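Engineer: Sequence plus predicted model, see below.
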Amino acid sequence: MKALKQLGIIITILLVGQILQQHFNLPIPGTVMGMIILLVLLLLKILKLQWVEKISSILLEHLSFLFVPAGVGILTSLDKFKGKVIPLFIVVMVSTIVVMVVTGVTVQLLVKNKKGEKIW
């Protein structure tokens, strides 16, 4: 029952993000808005980590399963990618490298911060 309450909190926050995105016609997806709201609530300690920790762990354990609908959607739209394979490949490679570099730098900064070393 605890996980169900936590899922309700997460879904409510995502719903608020979706409503804000549609109401203000923002260029950011509603789900991303919901995640930003969740982050702000956690950082401001309005929402305690214990209130969403269990369901977050469960969702992270099954993250690969949650990508199946997106993969199926891409497969059903393969005809739209004809003639655009090389630009798409370049975009995927560049974005992957950028994500890897940013993630690596972030982890290094967090490790230094945890050890008490000066970051800058």
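Structural biologist: Happy to help now that I have it.
Engineer: Residue 30 and residue 20 touch, don't they?
Structural biologist: Yes: assessed by Cβ atoms under 8 Å, residue 30 is found in contact with residue 20 at 7.2 Å. Bear in mind the C-beta positions are built from the backbone N, C-alpha and C, glycine included.
Engineer: Can I get the helix-or-strand element of the chain with minimal mean pLDDT in CSV, CA atoms only?
Structural biologist: Lowest mean confidence among the helices and strands of the chain (mean pLDDT, DSSP states H and E): helix 68-76, at a mean of 85. The C-alpha trace of helix 68-76 is given here as CSV (Å, rounded to 0.1, in the frame of the first residue of the first chain):
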residue,chain,number,x,y,z
VAL,A,68,9.2,-0.7,-24.9
PRO,A,69,6.3,1.6,-26.0
ALA,A,70,8.8,4.2,-27.3
GLY,A,71,10.7,1.5,-29.2
VAL,A,72,7.5,0.2,-30.8
GLY,A,73,6.5,3.7,-31.7
ILE,A,74,9.8,4.2,-33.5
LEU,A,75,9.4,0.9,-35.4
THR,A,76,6.0,1.8,-36.6
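Engineer: Output the contacting helices and strands for it.
Structural biologist: Under the contact definition 3 or more Cβ pairs under 8 Å, 6 or more residues apart in numbering; DSSP states H and E, helix 68-76 sits against no other helix or strand.
Engineer: That one: what's the following helix or strand?
Structural biologist: Using DSSP states H and E, the helix or strand that follows helix 68-76 towards the C-terminus is helix 85-115.
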